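# Need coordinates for the below:
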Amino acid sequence: MSRRNDAVRVYEVPTYKQIFPFIMPKRCDSLVFQTMVLDLTNAVAFIKKNKRSDGANYRVFELFIAALMRTITLRPELNRFIANYQYWQRKELSVNFVVKEDYTDDAPEHSMPLYFSEDMTLEEISKIINDAIIAQRQPANENFTDKAILFFIKFPKFFIRMVVGLAGLLDRYGKAPKALRDADGLHTTIFISN
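Reported below is the predicted structural model:
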């Protein structure tokens, strides 16, 4: 079966990469964790010099995500994944990050999948990010992931394992609905944590 609702199959894969799905069959085998130290001198100068149309300042985080989305647009190979031993190209640009309701250690956290198009400007990306963060910081706000977890956690463990197994099977064959993919932060182009 070579169809997915979230991606298109990639047939032109370099020879040496064709073995990767067999060497790293599990999701955790192929995760890339990258720690970086970045010089933000130019970014800070850009932010001081430019403002959004509403007069507010851009944030480094917004600039960072916009730069990532632009880089991935220019290098579409960065938006690929492996499922069921096959390479796939995502149909959309997406990012996931965690939003805390407050700046305290014990504040509730929410996973935030956001979607962008290739031609979006910094202003548009900034608006999407800010609107999502504001929505998530509302008191007692629960996103789909939170609601799904609270719903399923009440069931017996064997039932939860069965549902998670079915979700994994649907994902393996590309039939998982978008809502289910949104609930898992690893179904996005990139997951950012700080």
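# rest of the way, CA atoms for contacts and neighbours
Will do.
# Okay, now the unreliable bits of the chain?
For the chain, residues meeting the criterion pLDDT under 70 lie at 1-2, 29-31, 139-143, 194.
# need the contact list for F97.
Contacts were defined as CA atoms under 8 Å, 6 or more residues apart in numbering; by that measure F97 touches S111, M112, P113, G185, F191, I192, S193.
# Same check on W88?
A7, V8, R9, V10, R80, F81, I82.
# repeat for A83
Under the criterion of CA under 8 Å, 6+ apart, the contact list for A83 reads R172, Y173.
# Tell me where the chain has strands.
Per DSSP state E, the chain has strands spanning 7-9, 80-83, 86-90, 93-100, 109-116, 190-192. These are given in chain order.
# Could you export the ones you listed as TSV, including distance to T35?
Conversion of these to TSV gives the following (distance: least, CA to CA, whole Å):
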stretch	distance to T35
strand 7-9	28
strand 80-83	21
strand 86-90	24
strand 93-100	16
strand 109-116	20
strand 190-192	11
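# Kindly state which of those is positioned closest to P25.
strand 80-83 (8.9 Å; CA to CA).
# Give me the neighbour count for F22.
For F22, the number of neighbouring residues by other CA atoms under 10 Å comes to 11.
# how close does it get to A83?
When CA to CA, to the nearest Å is applied, the distance between F22 and A83 equals 11 Å.
# same check, this time on T104
With CA to CA as the criterion, T104 and A83 are 38 Å apart.
# again, but for P21
As judged by CA to CA, P21 and A83 stand 8 Å apart.
# Ok, V44 next?
When distance is defined by CA to CA, V44 is 39 Å away from A83.
# how about the helices of this protein, start to end?
With DSSP state H, the ranges of helices along the chain come out as 20-23, 41-49, 60-74, 122-136, 144-152, 157-172, 178-183.
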